[in-house]
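1. Any chance you could fold what I've pasted below:
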Amino acid sequence: MRRFALVPAAIAVLASAAALAPSARADELVLTGGAVVRGPVLKESSDALFVDLGFTVLSIPRASILQRRSDQEASAAADAASETHKGLYSKAALPELSVKEAVERFGEGVVLVKNPSGLGSGFILREDGYIVTNAHVVQGETEVTVTVYKKVEGQIDKKVYEKVKVVAVNPFIDLALLQIDPAELGDAKLTKVFLGDIEEVKQGQPVFAVGAPDGLERTVSEGIVSTTNREHQGKVYIQTTAAINPGNSGGPLFNRKGEVVAVNTLGAFGLENIALSIPVDYVQHFLDNRDAFAFDRDNPNSGRKYLPPPRKGEKPKTEQ
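-> Numbering: from 1, shown residues only. Modelled structure (predicted):
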C-alpha cells in the first residue's frame, strides 16, 4: 500500500504560492481505495500533485489518483446525486456557502429578460431553457429575448436568445414562465437553479439577490429577511433588506445554500432597505398548475389583468 508523503521542505514555498493565489479553485481527487482529497492543487510534476490542505501540503502520486474533478464539477456531481425533480423544477440537498461561492455556482442561472418596452431578470429552471420571471416584465409583449451569461476561461461570454416563447402568465401573482426555442438553444447546456422550501425561510436569515437593476446585469445585493409574511394588496410577500431596483424584477432571491426562496418583484421607492419578493411556494404552485395559466397570443384574455371599474366620478383606467 502506497503512502502519501507530507513534504515539510516544500511547505513554505508552496504555502507562499497559495498566499499569492487565494482564489485558486479547489480540486477533488478520488484515490485508489476510495479516499477523496479536496483542495487547491498548488503544483504538478510528472509523477505527483501537491495539494494544499490548509494546515499542510500533501504530495499525491499520480498513479494513486483515479479521478480528478474541478470544484464546480464535484459540486455538480454532488447536486445531481441528491437531486429530486418535480415537473419543471428541481430541489437538492445543498451545503451552506458564502455569497461568493453561491454566485460562482449558480450565478450563470440568472438571465436578463428584454422586450421592446423594457427589461427585467429571470432564472433558469431546467437546462433545456425554461425560465421564470415576473408577469409584468413580459405582460402585453410577444417579442421577448433572453441573455445568458457564462464564464469561459475567466471571461464572461454573453449569448442572446431571440426566439423565446411565453408559456404561461399569472398577472395576479405576477409570475410568468418562458422557454427558449429548443432549435435555437441547440446543444447548449444552461446552468439551472434549485428551488428551496418556504418552511426553511426564517426572519433574520441572510439572503441575496442577483439581477439587472437599471440594466446593470449580474448585480449582486445582500441582506436579511425582515419578515416572511408582509401583506401587500391582498398577497403575502417576503420582505428583505436586499437592494431591489427596476430591472431586478423577476430575478431570484437566494438563501446561503444557493436555493431560490423567492422572486424579487417590488422595491419601496423613497424608502431604504425595504424590498418585497414572491415566496417560493407561490412559484411552485404556479409551475405545478401552469396549464391553467397557459398563454395564448390570439386570446385577448390570456396574460392580461383587468382593472376594477372606476368609482363614480373617476376617469376609467385602461387595461394592463
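2. Show me the domain layout of this protein.
-> 5-73, 91-185, 194-291 (automatic domain parsing).
3. got a pLDDT number for P40?
-> At P40, the pLDDT value in this model is 88.
4. any idea of the mean pLDDT in the longest strand seen in the chain?
-> Counting by DSSP state E, the longest strand found in the chain is strand 219-232. For strand 219-232, mean pLDDT is 95.
5. Stretch 313-320 now?
-> What stretch 313-320 shows for mean pLDDT is 59.
6. Same question for stretch 158-170.
-> On average, the pLDDT along stretch 158-170 is 95.
7. Mind listing what's buried along it?
-> Of the residues in stretch 158-170, 161, 164-170 count as buried by neighbour count, 16 or more other Cβ atoms under 10 Å. Where you see a C-beta, it was placed from the backbone N, CA and C, and this is true even at glycine.
8. again, but for stretch 43-58
-> Residues 48-52, 57-58 are the ones in stretch 43-58 that count as buried (16+ other Cβ under 10 Å).
9. With stretch 275-290 instead?
-> In terms of neighbour count (16+ other Cβ under 10 Å), stretch 275-290 has its buried residues at 275-284, 286-287, 290.
10. now the domains of the chain in a markdown table, with distance to R311?
-> A markdown table is the format used below for these (distance: least, Cβ to Cβ, whole Å):
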| stretch | distance to R311 |
| --- | --- |
| domain 5-73 | 57 |
| domain 91-185 | 21 |
| domain 194-291 | 17 |
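11. which residues in this structure form helices?
-> With DSSP state H as the criterion, the chain has helices at 8-20, 71-82, 99-106, 135-138, 182-185, 280-288.
12. ranking the ones you listed by mean pLDDT, which is last?
-> In terms of average pLDDT, helix 8-20 trails the rest of the helices of the chain, at a mean of 38.
13. mind listing what F293 touches?
-> When contacts are counted by Cβ atoms under 8 Å, 6 or more residues apart in numbering, F293 touches 168-170, 177, 286.
14. Could I get the full set of strands for the stretch 51-200 of the chain?
-> If DSSP state E, counting those that start in this stretch is used as the criterion, the strands of the stretch 51-200 of the chain fall at 57-61, 65-70, 84-86, 89-91, 110-115, 118-124, 130-133, 145-152, 155-161, 164-170, 175-180, 194-195.
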